[in-house]
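Enquirer: based on what follows, work out the 3D shape:
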Amino acid sequence: MAHGKRINKAREGIERTKLYPLDQAVKLVRERAKAKFDETVEIAMNLGVDPKHADQMVRGVVNLPNGTGRTLKVAVFAKGAKADEAKAAGADIVGADELVAEVQGGKIDFDRCIATPDMMGLVGRLGKVLGPRGLMPNPRVGTVTMDVTAAVKASKGGAVEFRVEKAGIVQGTVGKASFDDGKLVENIKAFVDAVSKAKPAGAKGTYIQKVAISSTMGPGVKIELASVAPVAGA
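Expert: The predicted structure follows:
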């Protein structure tokens, strides 16, 4: 009951069907982030695609200009000099065959996974384990690479992967409620821009249909498309 009352109070002043300019939407979300922890700010975008078709899949990565406000735990599958390079770059877990065995055994103690191309023969065996968790390394999002230094630093510095879900929705983290309005606005615009640039060849009609943001414990606020990306509806 107390939870319901809190949500209802948080929704006060927000019209469910209204589209708010981005700066106003950010302000509304931050004002309602009253939890005892620093709430994460999330974005949800409804796209005019059907991901069941290969030519309508949307996937990519965006480097948020102001970071996510969270330090990710990064694992790197690499051997020899590349393993040393990954450790020097700040990777939390580095390994090869032994790391593959740990993951196969159910030990997944990381938030992002990077691999050098020569390791993909081994890492490919982990598809059924890492795939459902969105952790499988992929060259399209820069997590299968020889430049492990850049990949690790990007993951630590605010790189956010996105992938369209079955219902045509892309979701992602764009910061923390403790960020000031300007930093959140910049991050949200960067995220929308990255999704816009990832528009697949098979997308028909209006590509970006709806955009909304919310905090971990707060209500969603719908955003006026023209304020987040002038060509968002394209």
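Enquirer: in stretch 97-115, what's buried?
Expert: For stretch 97-115, the neighbour count (16 or more other Cβ atoms under 10 Å) marks 99-100, 103, 110-115 as buried. Where C-beta positions appear, they are placed from N, C-alpha and C, glycine not excepted.
Enquirer: also stretch 183-199?
Expert: Residues of stretch 183-199 classed as buried by neighbour count (16+ other Cβ under 10 Å): 183-192, 194-196, 198-199.
Enquirer: where do the helices sit along the chain?
Expert: 2-11, 22-31, 80-89, 97-104, 120-123, 127-130, 148-157, 181-197, 225-228 (DSSP state H).
Enquirer: of all the ones you listed, which one comes closest to Ile169?
Expert: Closest approach to Ile169 among those (Cβ to Cβ): helix 181-197, 10.9 Å.
Enquirer: what stretches of the protein score poorly on pLDDT?
Expert: Low-confidence segments of the chain (pLDDT under 70): 1-10, 230-234.
Enquirer: one more time with 90
Expert: Along the chain, the model assigns pLDDT under 90 to residues 1-17, 34, 70-72, 134, 140-141, 154-159, 161, 166, 204-205, 229-234.
Enquirer: need the contact partners of stretch 180-195.
Expert: 22-23, 26-27, 30, 41, 43, 45, 47, 58, 60-66, 160, 162, 170, 172, 174-175, 179, 208, 211, 213, 228-229, 232 (Cβ atoms under 8 Å, 6 or more residues apart in numbering).
Enquirer: give me the distance from that stretch to the chain's centre.
Expert: Put simply, stretch 180-195 sits 12 Å off its chain's centre (Cα atoms, centre = their mean, to the nearest Å).
Enquirer: kindly format the C-alpha coordinates of that stretch as CSV.
Expert: What follows is stretch 180-195, C-alpha atoms only, in CSV (Å, rounded to 0.1, in the frame of the first residue of the first chain):
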residue,chain,number,x,y,z
ASP,A,180,22.4,17.8,-13.3
ASP,A,181,19.8,18.5,-15.9
GLY,A,182,22.3,19.5,-18.6
LYS,A,183,24.3,16.3,-18.3
LEU,A,184,21.2,14.1,-18.6
VAL,A,185,20.0,16.1,-21.6
GLU,A,186,23.3,15.6,-23.3
ASN,A,187,23.3,11.9,-22.6
ILE,A,188,19.8,11.4,-23.8
LYS,A,189,20.4,13.2,-27.0
ALA,A,190,23.5,11.1,-27.6
PHE,A,191,21.5,7.9,-27.0
VAL,A,192,18.7,8.9,-29.3
ASP,A,193,21.2,10.0,-32.0
ALA,A,194,23.0,6.7,-31.9
VAL,A,195,19.7,4.7,-32.2
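Enquirer: so who does the nearest residue to Thr216 once chain neighbours are set aside touch?
Expert: Residue nearest to Thr216 in three dimensions, not counting chain neighbours: Glu39, with 4.1 Å by Cβ to Cβ, 6 or more residues apart in numbering. By Cβ under 8 Å, 6+ apart, Glu39 lies in contact with 33, 176-177, 215-218.
Enquirer: nearest to Ala81, out of those: which one, please.
Expert: Once Cβ to Cβ is applied, the member of those that ends up nearest Ala81 is Lys176, at 36.3 Å.
Enquirer: these two touch, right, the closest one and Phe37?
Expert: No. Counting by Cβ atoms under 8 Å, Lys176 sits too far from Phe37 to count as a contact (9.7 Å).
Enquirer: more crowded one of those two?
Expert: Lys176 (23 against 10; other Cβ atoms under 10 Å).
Enquirer: since that was my last question, I'll sign off now.
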